[in-house]
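Enquirer: Need coordinates for the following:
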Amino acid sequence: MTSPVDEGRRPVLPAILRGQKALVTGANSGIGKATAIGLGRAGADVVVNYVFGREAAEEVVKEIESFGVRAYAHEADVSQEDQVVGMFQHMVEEFGTIDVLVANAGLQRDAAIADMTLEQWNKVLEVNLTGQFLCAREATKEFVRRGVVPEVSRSAGKIICMSSVHQIIPWSGHANYAASKGGVLLLMQTLAQELAPKGIRVNAVAPGAIRTPINRSAWETPEAEADLLRLIPYRRVGDPADIADAVTVLASDLMDYVVGTTLYVDGGMTLFPGFATGG
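Expert: Coordinates of the predicted model:
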């Protein structure tokens, strides 16, 4: 019998994505890993995309398969058009279609603006923004070709762009990252406006401070965590599962009327806690 809680405190979501086919980019670690597992737990078959770390990706596949659904790992750099096209073609061959795209793959190349190289700037924009465009384009082609299958979902397809609180909060020393996430915001909203008449829902999830390898230095020591918590009114650092749960529900028909929205999962970070005692 399935336990009513997961990891000691989290309610287990029902199989609200049963029969759907999902692709999660950057899914062999951190938020992408938790999201891929969460979608599988909710009944979806899942493609686990990665660019480095096949062994870790295969471990994610095994965990997803333990829920009685299908999964496989696919190596592809989302900033490379030919690799993205090939990944979607392979998914259609293996699973027959795609219902949910979670465009999660992202990276940082931090530097003060005076020291930032063009390579650092371009790499972040290519992966974080161009990668989302390429994946959304290929998913849209399949959504439009197939249309709505009512017994699977009320929509023709769902695109969830993984953004960040830094799509609206400036971040000194991270101009390339903040610019890429600001671009994701308008990319998501524009795609939502364009594709809604076709029955395709496009939304975004914007994490705040989450315990992932990309930001380990911000939370791994008590001193660093205490400093970080001053920015979080809810007074805890988020877990990857917090994002996975949000994505899973947003991808389901429970959120069928949600279009062009960013769901901030940030413990209140975007409430500008520095102004809590005045201003």
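
Enquirer: Okay, and the beta partners of the residue nearest to Thr261 when sequence neighbours are not counted?
Expert: The shortest distance from Thr261 to any non-neighbouring residue, by CB to CB, 6 or more residues apart in numbering, is to Asn203 (5.1 Å). Heads up, the C-betas are built off the backbone N, CA and C, glycines and all. Per DSSP bridges, the residues bridged to Asn203 are Ile160.

Enquirer: for the helix or strand where Glu58 lies, which positions count as buried?
Expert: Using DSSP states H and E, Glu58 maps to helix 54-65. Within helix 54-65, the residues that count as buried by 16 or more other CB atoms under 10 Å are Ala56, Ala57, Glu58, Val60, Val61, Glu63, Ile64.

Enquirer: Now distance to Arg109 too, for the residues you listed, in a markdown table please.
Expert: Compiled in a markdown table, those are given as follows (distance: CB to CB, whole Å):
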| residue | distance to Arg109 |
| --- | --- |
| Ala56 | 21 |
| Ala57 | 23 |
| Glu58 | 27 |
| Val60 | 25 |
| Val61 | 29 |
| Glu63 | 30 |
| Ile64 | 30 |
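
Enquirer: just to revisit the earlier point, which residues are in contact with the residue nearest to Thr261?
Expert: Shown in contact with Asn203 (CB atoms under 8 Å, 6 or more residues apart in numbering): 158-161, 188, 192, 250, 255, 258-263.

Enquirer: Looking at these, which is nearest Glu119?
Expert: Ranked by distance to Glu119 (CB to CB), those are led by Cys161 at 24.4 Å.

Enquirer: how far away is the closest one from Pro233?
Expert: Cys161 is 25 Å from Pro233, where distance means CB to CB, to the nearest Å.
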